[in-house]
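[1] no sequence on this one, just coordinates:
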């Protein structure tokens, strides 16, 4: 119950609790190719803290051809595990060190937690070496009193020390093999880091009559995937391979049910005592519900649930008081009515292995029921109720908030400390000196930094977040002007070159655009652009002369000033491109068609690199610009004047497009002028002319 409550408090939706062996066994059944059924496998898992044994039977579901996994026997021993092997290695090292001549008469290093912690880290490597080699070279520098420890540790000495620990697992093996002899087990699969020790493998092989120990599973992956399969099978949101998992109850459970307060009648037949086997290990599985009906004795009851081990010792699971029978009103009016009712006690052994009394009630033949109060006392820790969980969750949220505030405080404190040290180094840098206003500025800043460092090491230890944040901002305000002066000067040349390039691009675009349109563009607009372009170039040239300006002074202009000069030019260019040619109505009347409809329908949006409008009339009469934009017409060559050069095939295709455009414009004009009746047009022609 503690594990389940803890998982729920951590935010998990607990479907069921699985031990490591069960999850791994499930994955073994799913992942093993050509698994022969039925099959019985023993899983041996020796981790850091304990030894777990499970016997699992695999078979096909009785009604469906689906794999069923049934855990039929389990046993565990908390006194056997890899950490105990580590402890023995630490003792060996400590004894060798304490026996050095220089250490005679001094306290054992086993009394020094710091040294033991270091040795625990070292022995992990030693154990790994001894698992694959017969000896390991020990070399530890300055363990204590400036003394080193160097010697050769043989595997035999290590095995001699851990043999008593390994022997403790014998009874655990005998327990699981009591009802399942070795010759009935088909395979053995070992898991856990503790089983890498050769002596452990040797002992297990001996206990299992020489059976081969399988290592087909990656333990961590198998446990994770097995758990995931069970969770996915419990959800309707995931479609995964169907599996059936059954777990026999770990021990046979007995129940003693007696009248609360004892029997008060002199006649034995009036007294009630019931002893029964509630869940049988060999028959029942986790997840089953049981109901006990008690007739003729409708009284408040005591229910004791317990198990009995192989030595006959009882272990209490829970003691529950069932109260409330005396509060039922109909019995107060007529006690003889009890004969028509029965006491129903419902038990549930859930799949997580938690056994509880779900409810108790008094029920009549006509289904009239009265629920009773349950006061349950578990042998172990009691499960948390809703109010307790709510209180704990509130405390966890508060703790989480405190942790976040502390982490935030730690980050800003480190930021401030780092800024102090980096600022000191920055001010001492030879490359920075020309950017300082004077030596006095540097001296004042260094003095200020020393004061802030001293504050941080004293008062700052207890400062709050806002105080430290303000300190950071103030220090940045002092240092940033120097950094800005240096950055401006270093970037000036590149910045001017960047803006000059943009001006060149604008000028080139202007020349290309006006080459074939100049005849209808107003001269004053063209002249304005040229004037603005010249002014911008002169301005950027004047800015470049500030490269010789004193480095310890701020430049008398901002980047936004340069942006504004460039915008004047680009705005002028955009306004020119927006000017459209006026309609040549007189030309239409005299010729009966548009003088040059193509020029009026050329769409905008041509890129700066290739603008189709730049094609001279003597090369080509007009062009659909979408064709170039959509790569329908490939521009393979660009002339020296920036004009695209097309092949004969491309020109033929473009002329065909122009012809189609002229026909469409002519038809559109004829409809507008009344020469053609719209009703005589086909649906396709109507769509073409809009």
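    Cool, got the structure. All figures in this text were calculated on a predicted structure; none of them were measured in a lab.
[2] Enumerate every residue touching the nearest residue to residue 285 once chain neighbours are set aside.
    Take residue 285 and drop its neighbours on the chain: the residue closest to it by C-beta to C-beta, 6 or more residues apart in numbering is residue 246, 4.7 Å away. Where C-beta positions appear, they are placed from N, C-alpha and C, glycine not excepted. By C-beta atoms under 8 Å, 6 or more residues apart in numbering, the contact set of residue 246 is 68, 69, 70, 71, 285, 286.
[3] To which secondary structure element is the first one assigned?
    By that I understand residue 68. Using DSSP states H and E, residue 68 maps to strand 67-77.
[4] List the neighbouring strands of that strand plus their orientation.
    strand 51-60 (antiparallel), strand 244-247 (parallel) (DSSP bridges).
[5] Please compute how far that strand lies from its chain's middle.
    33 Å (C-alpha atoms, centre = their mean, to the nearest Å).
[6] burial of residue 141, as a residue count?
    9 (other C-beta atoms under 10 Å).
[7] Disregarding residues adjacent in the polypeptide, which is nearest to it?
    Nearest one to residue 141, counting by C-beta to C-beta, 6+ apart, is residue 148 at 5.3 Å.
[8] Now the two most distant members of the contacts of residue 246.
    68 and 286 (14.4 Å; C-beta to C-beta).
[9] The two: which is more packed in?
    Shown here are residue 68 and residue 286; by other C-beta under 10 Å, residue 286 has more neighbours (22 against 18).
[10] do you know how far that one is from residue 154?
    47 Å (C-beta to C-beta, to the nearest Å).
[11] Spell out which helix or strand contains residue 659, please.
    helix 648-673.
[12] Report the beta-bridge partner residues of residue 373.
    residue 323.
[13] burial count for it?
    By other C-beta under 10 Å, the residues close to residue 373 number 12.
[14] for it, what are its contacts?
    Contact partners of residue 373, counting by C-beta under 8 Å, 6+ apart, are 322, 323, 324.
[15] would you list these in JSON lines and tack on distance to residue 314, pLDDT and neighbour count?
    Output for these, formatted as JSON lines (distance: C-beta to C-beta, whole Å; pLDDT from 0 to 100; neighbours: other C-beta atoms under 10 Å):
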{"residue": "322", "distance to residue 314": "21", "pLDDT": "89", "neighbour count": "24"}
{"residue": "323", "distance to residue 314": "25", "pLDDT": "89", "neighbour count": "15"}
{"residue": "324", "distance to residue 314": "28", "pLDDT": "87", "neighbour count": "15"}
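[16] and of those residues, the nearest to residue 364?
    The nearest member of the contacts of residue 373 to residue 364, counting by C-beta to C-beta, is residue 324 at 15.7 Å.
[17] Flag the shaky bits of the chain, pLDDT-wise.
    Applying pLDDT under 70 to the chain picks out residues 63, 264-270, 310, 516-518, 547, 581-646, 672-674, 689-690.
[18] longest helix in it, by residue count?
    Longest helix in the chain by number of residues (criterion: DSSP state H): helix 465-514.
[19] Packing partners of it?
    If contacts are counted by 3 or more C-beta pairs under 8 Å, 6 or more residues apart in numbering; DSSP states H and E, helix 465-514 sits against helix 386-428, helix 439-457, helix 523-544, helix 559-577.
[20] Run the chain-centre distance for stretch 180-188.
    Here the centre of stretch 180-188 is set off from its chain's centre by 42 Å, with C-alpha atoms, centre = their mean.
[21] Quick check: beta-bridge partners of residue 75?
    Residue 75 has these beta-bridge partners by DSSP bridges: residue 53.
[22] residues touching it, list them.
    The neighbours of residue 75, taking C-beta under 8 Å, 6+ apart as the test, are 52, 53, 172, 175, 176.
[23] that older thread, hey, what's the residue nearest to residue 285 bridged with?
    Assigned bridge partners for residue 246, using DSSP bridges, are residue 70.
[24] do the same with residue 259
    Counting by DSSP bridges, residue 259 is bridged to residue 301.
[25] picking that back up, now flag whichever of the contacts of residue 373 is closest to residue 223.
    Nearest to residue 223, judged by C-beta to C-beta, of the contacts of residue 373 is residue 322 at 39.9 Å.
[26] isn't the closest one right up against residue 346?
    No. The pair residue 322 / residue 346 is not scored as a contact, 11.3 Å apart, by C-beta atoms under 8 Å.
[27] list residues touching both of the two?
    357, 360.
[28] Can you classify residue 48 as helix, strand or coil?
    At residue 48, secondary structure determined by DSSP: H, G, I helix; E, B strand; the rest coil is coil.
[29] what's around it, how many residues?
    For residue 48, using other C-beta under 10 Å, the count is 13.
[30] Helix, strand, or coil at residue 370?
    The three-state assignment at residue 370 reads strand, by three-state DSSP.
[31] what do you get for the one 5 residues further on?
    Look at residue 375: counting by three-state DSSP, its state is strand.
[32] who's in contact with it?
    Counting by C-beta under 8 Å, 6+ apart, the residues that residue 375 touches are 320, 321, 323.
[33] Could you check how far the second one is from residue 408?
    Relative to residue 408, residue 321 is positioned 51 Å away (criterion: C-beta to C-beta).
[34] Distance of the residue lying closest to residue 370 once chain neighbours are set aside relative to residue 291?
    Closest residue to residue 370 apart from its sequence neighbours, by C-beta to C-beta, 6+ apart: residue 362 at 4.7 Å. Look at residue 362 and residue 291: by C-beta to C-beta, they are 14 Å apart.
[35] Check residue 159 too.
    For residue 159, the distance to residue 291 equals 54 Å [C-beta to C-beta].
[36] of those two, who's got more company?
    Using other C-beta under 10 Å as the criterion, residue 159 and residue 291 rank with residue 159 on top: 18 against 10.
[37] Surely the more buried one is in contact with residue 199?
    Yes. The pair residue 159 / residue 199 is scored as a contact, 4.5 Å apart, by C-beta under 8 Å.
[38] mind checking the SS state of the residue nearest to residue 370?
    With three-state DSSP as the basis, residue 362 sits in strand.
[39] Could you pull up the residues touching the residue nearest to residue 141?
    Contacts for residue 148 (C-beta under 8 Å, 6+ apart) come out as 139, 140, 141, 142.
[40] Strands along the stretch 251-400 of the chain, start to end?
    Ranges of strands in the stretch 251-400 of the chain, per DSSP state E, counting those that start in this stretch, are 253-259, 273-279, 289-295, 301-308, 314-323, 341-349, 355-364, 369-371, 373-378.
[41] which helices and strands sit right next to the first one?
    By that I understand strand 253-259. Using 3+ C-beta pairs under 8 Å, 6+ apart: strand 253-259 touches strand 273-279, strand 289-295, strand 301-308, strand 341-349.
[42] Throw these into JSON lines and include distance to residue 554, thanks.
    Putting the helices and strands packed on strand 253-259 into JSON lines (distance: least, C-beta to C-beta, whole Å) gives the following:
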{"stretch": "strand 273-279", "distance to residue 554": "86"}
{"stretch": "strand 289-295", "distance to residue 554": "83"}
{"stretch": "strand 301-308", "distance to residue 554": "85"}
{"stretch": "strand 341-349", "distance to residue 554": "79"}
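[43] which of the contacts of residue 373 lies closest to residue 300?
    Distance to residue 300, by C-beta to C-beta, is smallest for residue 323 among the contacts of residue 373, at 5.0 Å.
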